[in-house]
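**Student:** model the structure of this input:
(chains A and B)
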Protein chains: 2
Amino acid sequence: MVGDEQQVRRELESCGGASAVKNIEVVHAEQQVEMDDSPSQILRTKRNSSIHTGLRLVKQGEGAAFFSAGNTGAVMACAKMILKTLPGGIDRPAIAAVMPTVKGVTVMCDVGANVDCKIGNYIQFAIMASAYSSLVMDKEAPPSVGLMSVGEEEVKGGSDITKNVFKFLQELGNSSVINFYGNVEGKDLFRGGTSDVVVVDGFSGNVALKVSESAGWYVSQMLKEEIRSSLLSKLGAIFMIPALKRIKKESGSL
Amino acid sequence: MVGDEQQVRRELESCGGASAVKNIEVVHAEQQVEMDDSPSQILRTKRNSSIHTGLRLVKQGEGAAFFSAGNTGAVMACAKMILKTLPGGIDRPAIAAVMPTVKGVTVMCDVGANVDCKIGNYIQFAIMASAYSSLVMDKEAPPSVGLMSVGEEEVKGGSDITKNVFKFLQELGNSSVINFYGNVEGKDLFRGGTSDVVVVDGFSGNVALKVSESAGWYVSQMLKEEIRSSLLSKLGAIFMIPALKRIKKESGSL
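**Tutor:** Residues are numbered from 1 along each chain as shown, chains lettered A, B, ... in the order given. Purely as a prediction, here's the structure:
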């Protein structure tokens, strides 16, 4: 765990007591990346931040992976500089989100690392997310890859760039590099049963991810309000507590 | 009501009986626009479709407005050709969606009419949606206008184009043409309390709208499943029927 050593140890102790601290190695980092620091600034001036230090440890083989809840742009820029991307194919890292659906999970990529995408980026998201879906999510190979669009039909297939991406993905599908499903729409995201992977530019993907959280939150707020509003509902809710808790758990970020 | 006269009359009768038909004028249109017809095709070859005919009636002053649940691209293309846009300012029509939030409603524009947007389109969405919010939604003037982005801070303000749009909207805000709020994020959409209007390109807006529907549907599916899964939950749900019905009504498309 990387960060201000004193602060990290204090937090760890408050979570699990002194025993918790014993099993966790804490590496001190004296700088801190703020949420409004720009990535280029961080690369130059914050080489002793927790993000920078943590990624360096992975590079040196002292860590197997790096997790952060901090500034996304900073993590991406530092990861790209320190860990690099796969040689001969991947230009930029991407962020995948594992979305729950009524029929298993869907991997949506990119959800915010690349807000301005070229055709090549989409293709690389398709390949990376397919690999993630196969290897990490244990999907039966080969996972089907959908392209996020505004209509299911190819002719209504969205923006100028996504129409072009469609053709490239179709081509890759024909030569069995990926298993191309075709266009999918926002409404399919939680339904499942379309594709295992959804490829999308980081701008729309980020909006989709955050709107999902917001919509789920909205429904739960309304539910809470309705439960509070009448004695009958309160009574009903008591019987439903286990069910409501399971929903909260299953829906994860919702 | 425009469409295949026999079919429309049959449907109307099945909804409200013979008395319903009496008060509704039905105009016959012999052609039908399919969901996968391309807009340019329709403009050339489907001049006797219900969309074309209905919009012509509005143009001639025989209708005050035109509603359609059909092919969005076709409605937009025909509306633009037949009704035209406001002279000297609006290049393309846009689609606004009125989103429910815990603090009133938010008007999101565009949600699918313009999937490839230039800076000017965003500015026009801001102006049109402000007018809609003031006049139709009775928001106290002037409604605040947010720009959909991937971070609240200006520096993290999203894609190349939205960063530019930010500057133009700020400028319009400074000269009081609109009331510019700044960037908003997907997570703010249903929370309310940020801006009255959310400006977004039609691609991301369409994804956001459909993902919201999907997320709401997902939560309600989980709720149904949990209710079915145990006797206790079923009992609780019986007490909560009025509350659950109100939620369904209030959340609209959710």
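
**Student:** for residue A:234, give me its contacts.
**Tutor:** Residue A:234 makes contact with A:227, A:228, according to Cβ atoms under 8 Å, 6 or more residues apart in numbering or on different chains. In short, each C-beta sits where N, CA and C put it, glycine included.

**Student:** next one: it from residue B:183, what distance?
**Tutor:** Using Cβ to Cβ, to the nearest Å, residue A:234 is found at 39 Å from residue B:183.

**Student:** equivalent analysis for residue A:120, please.
**Tutor:** Counting by Cβ to Cβ - residue A:120 and residue B:183 are separated by 28 Å.

**Student:** am I right that residue A:192 sits in a helix?
**Tutor:** No - assessed with DSSP: H, G, I helix; E, B strand; the rest coil, residue A:192 is coil; it does not lie in a helix.

**Student:** in the longest helix seen in chain A, what counts as buried?
**Tutor:** Identified as the longest helix of chain A according to DSSP state H is helix A:202-229. Of all the residues in helix A:202-229, those buried under the rule 16 or more other Cβ atoms under 10 Å in any protein chain shown are A:202-220, A:222-223, A:226-227.

**Student:** packing partners of that helix?
**Tutor:** strand A:96-101, strand A:104-109, strand A:144-149, helix A:231-250, helix B:202-229, helix B:231-250 (3 or more Cβ pairs under 8 Å, 6 or more residues apart in numbering or on different chains; DSSP states H and E).

**Student:** by how many degrees do the fourth one and helix B:231-250 diverge?
**Tutor:** What that stands for is helix A:231-250. Helix A:231-250 and helix B:231-250 are oriented at 100 degrees to each other (axes from the mean of the first three to the mean of the last three Cα atoms, to 10 degrees).

**Student:** now the second one
**Tutor:** Relative orientation of strand A:104-109 and helix B:231-250, computed by the same axes, to 10 degrees: 40 degrees.

**Student:** check whether strand A:104-109 comes near chain B.
**Tutor:** No - residues of strand A:104-109 are not located near chain B by Cβ under 8 Å from any Cβ of the partner chain, the shortest gap being 9.8 Å.

**Student:** what does the next helix-or-strand element following that strand contact?
**Tutor:** Counting by DSSP states H and E, the next helix or strand C-terminal to strand A:104-109 is helix A:119-135. Contacts to helix A:119-135, defined as Cβ under 8 Å, 6+ apart, come from residues A:89-92, A:94, A:96, A:107-110, A:114, A:139, A:141-143, A:145, A:147, A:161-162, A:164-165, A:168-169, A:172, A:177-180, A:196-197, A:199-201.

**Student:** quick check on those residues: which are buried?
**Tutor:** A:90, A:92, A:94, A:96, A:107-110, A:114, A:139, A:142-143, A:145, A:147, A:161-162, A:165, A:168-169, A:172, A:177-180, A:196-197, A:199-201.

**Student:** quick one: low-confidence ranges for chain A?
**Tutor:** Along chain A, the parts satisfying pLDDT under 70 run over A:20, A:152-157, A:247, A:250-254.

**Student:** try 50 this time
**Tutor:** Counting by pLDDT under 50, chain A contains low-confidence ranges at A:253-254.

**Student:** tell me the centre residue of it?
**Tutor:** The residue lying closest to the centre of chain A (Cα atoms, centre = their mean) is residue A:97, at 2.8 Å.

**Student:** got the contact list for that one?
**Tutor:** Residues counted as contacts of residue A:97 (Cβ under 8 Å, 6+ apart) are A:107, A:108, A:109, A:111, A:205, A:209.

**Student:** contact partners for the closest residue to residue A:240 other than its chain neighbours?
**Tutor:** Spatial nearest neighbour of residue A:240, chain neighbours left out: residue B:236 (3.7 Å); criterion: Cβ to Cβ, 6 or more residues apart in numbering or on different chains. Counting by Cβ under 8 Å, 6+ apart, residue B:236 touches A:235, A:236, A:237, A:238, A:239, A:240, A:243, B:227.

**Student:** again, only this time at 6 Å
**Tutor:** A:236, A:239, A:240 (Cβ atoms under 6 Å, 6 or more residues apart in numbering or on different chains).

**Student:** quick check: it vs residue B:216, distance?
**Tutor:** From residue B:236 across to residue B:216, the span is 21 Å (Cβ to Cβ).

**Student:** same deal with residue A:150?
**Tutor:** As defined by Cβ to Cβ, residue A:150 lies at a distance of 19 Å from residue B:216.

**Student:** how about residue A:72?
**Tutor:** 26 Å.

**Student:** could you do residue A:243 as well?
**Tutor:** Residue A:243 sits 18 Å away from residue B:216 when distances are taken as Cβ to Cβ.

**Student:** then residue A:110?
**Tutor:** Noted for residue A:110: a distance of 24 Å to residue B:216, by Cβ to Cβ.

**Student:** next: residue A:201.
**Tutor:** As for residue A:201, its distance to residue B:216 is 24 Å (criterion: Cβ to Cβ).

**Student:** equivalent analysis for residue A:8, please.
**Tutor:** Where residue B:216 is concerned, residue A:8 sits at a distance of 39 Å (Cβ to Cβ).

**Student:** not counting residues beside it along the chain, what's closest to residue A:99?
**Tutor:** Excluding the flanking residues, the one nearest residue A:99 by Cβ to Cβ, 6+ apart is residue A:106, at 4.7 Å.

**Student:** show me which residues of the stretch 151-254 of chain A sit near chain B.
**Tutor:** Proximity of the stretch 151-254 of chain A to chain B (Cβ under 6 Å from any Cβ of the partner chain) is limited to residues A:153, A:155, A:158-160, A:185-187, A:189-190, A:203-204, A:206-208, A:210-216, A:218-219, A:221-222, A:226, A:232-233, A:235-236, A:239-240, A:243, A:246-247.

**Student:** quick one: contacts for the closest residue to chain B within the stretch 51-200 of chain A?
**Tutor:** For the stretch 51-200 of chain A and chain B, the shortest gap (Cβ to the nearest Cβ) falls at residue A:186, measuring 3.0 Å. Listed by Cβ under 6 Å, 6+ apart, the contact set of residue A:186 reads B:207, B:210, B:211.

**Student:** what sits against the second one?
**Tutor:** Residue B:210 makes contacts with A:185, A:186, A:187, as judged by Cβ under 6 Å, 6+ apart.

**Student:** likewise the last one?
**Tutor:** With contacts defined as Cβ under 6 Å, 6+ apart, residue B:211 is in contact with A:186, A:189, A:208, A:211, A:212.

**Student:** what count of nearby residues applies to the second one?
**Tutor:** To tie it back to what came earlier, the one meant is residue A:189. Counted by other Cβ atoms under 10 Å in any protein chain shown, the residues lying close to residue A:189 total 29.

**Student:** do you know how far it is from residue A:225?
**Tutor:** Going from residue A:189 to residue A:225 by Cβ to Cβ gives 26 Å.

**Student:** same check on residue A:218?
**Tutor:** Distance of residue A:218 to residue A:225, computed by Cβ to Cβ: 11 Å.

**Student:** now do residue A:72
**Tutor:** Going from residue A:72 to residue A:225 by Cβ to Cβ gives 32 Å.

**Student:** correct me, but residue A:216 touches residue B:216?
**Tutor:** No - with contact defined as Cβ atoms under 6 Å, residue A:216 does not reach residue B:216; the gap is 7.7 Å.

**Student:** what's the neighbour count on residue A:249?
**Tutor:** 8.

**Student:** kindly report the same for residue A:6.
**Tutor:** Residue A:6: 10 surrounding residues under other Cβ under 10 Å.

**Student:** list the buried residues of the one helix or strand it maps to.
**Tutor:** In this structure, residue A:6 sits in helix A:5-22 according to DSSP H and E. Using 16+ other Cβ under 10 Å as the test for burial, helix A:5-22 gives A:8, A:9, A:12, A:21.

**Student:** how about stretch A:67-79?
**Tutor:** Buried residues in stretch A:67-79, counted by 16+ other Cβ under 10 Å: A:68, A:70, A:71, A:72, A:73, A:74, A:75, A:76, A:77, A:78, A:79.
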